[in-house]
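>>> starting from these lines, generate the structure:
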Amino acid sequence: MAKETGCQDKPWLAHYGRDIPETLEYEETHIVGFLEKSAERFPDKTALNFQGYKVSYHELNDMVSRFAACLNDFGIKKGDSVAVLLPNLIPCVVSYYAILKIGAIAVMNNPLYADRELHHQFNDSGSKALITLDLLANRMIDLRLKTNIK
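Numbering: from 1, shown residues only. Below you'll find the model as predicted:
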């Protein structure tokens with residue numbers, strides 16, 4: 001049966017069941033808030049599992065808080081762009097959340113990008129810092145001179 005209100009402007013509502021609301025109420029929080037709540041509610045549950053190495057929500061939240069403090073000590077502050085050049089590993093997740101926790105902007109990059117592409121990404125984003133692997137360090141040291149990355 002069609003809903004009585006809103007069907008002219010939202011024709012999909014006519015296909016909703018009687019018990020389906022037109023809108024949902026969402027908790028207003030940021031993504032780091034969801035991690036923090038998960039760490040409180042499910043501290044020992046697995047948050048990440050990388051090749052059998054498991055990290056609980058409590059451990060992940062602790063790693064994020066520690067790395068956020070480290071970034072803060074490095075002078076990264078709210079609104080700063082921070083480039084992340086990591087494969088899909090646990091440190092990538094930690095870096096992403098830590099950057100957001102201090103209010104900075106996470107600029108995610110693919111480690112397979114060519115130097116030309118990374119040069120553009122770093123400059124276009126205005127990244128002040130770079131989080132990467134030691135395997136890419138020499139390549140990034142040479143590239144850093146052409147960017148604002150400290």
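>>> distance between stretch 99-119 and the chain's centre?
Distance, stretch centre to chain centre, for stretch 99-119: 11 Å (C-alpha atoms, centre = their mean, to the nearest Å).
>>> can you tell me the closest non-neighbouring residue to the residue most central in space within the chain?
Centroid check for the chain by C-alpha atoms, centre = their mean gives Tyr96 as the closest residue, at 3.8 Å. Leaving aside its sequence neighbours, Tyr96 sits nearest to Ala106 (C-beta to C-beta, 6 or more residues apart in numbering; 5.1 Å). The way it works is simple: take the backbone N, C-alpha and C, and place the C-beta from them, glycine included.
>>> and that neighbour, its phi and psi?
Backbone torsions for Ala106, taken as degrees, to the nearest 10, come to phi -80, psi 120.
>>> go ahead and confirm it touches Cys92.
No. Here Ala106 lies out of contact with Cys92, judged by C-beta atoms under 8 Å, at a distance of 9.9 Å.
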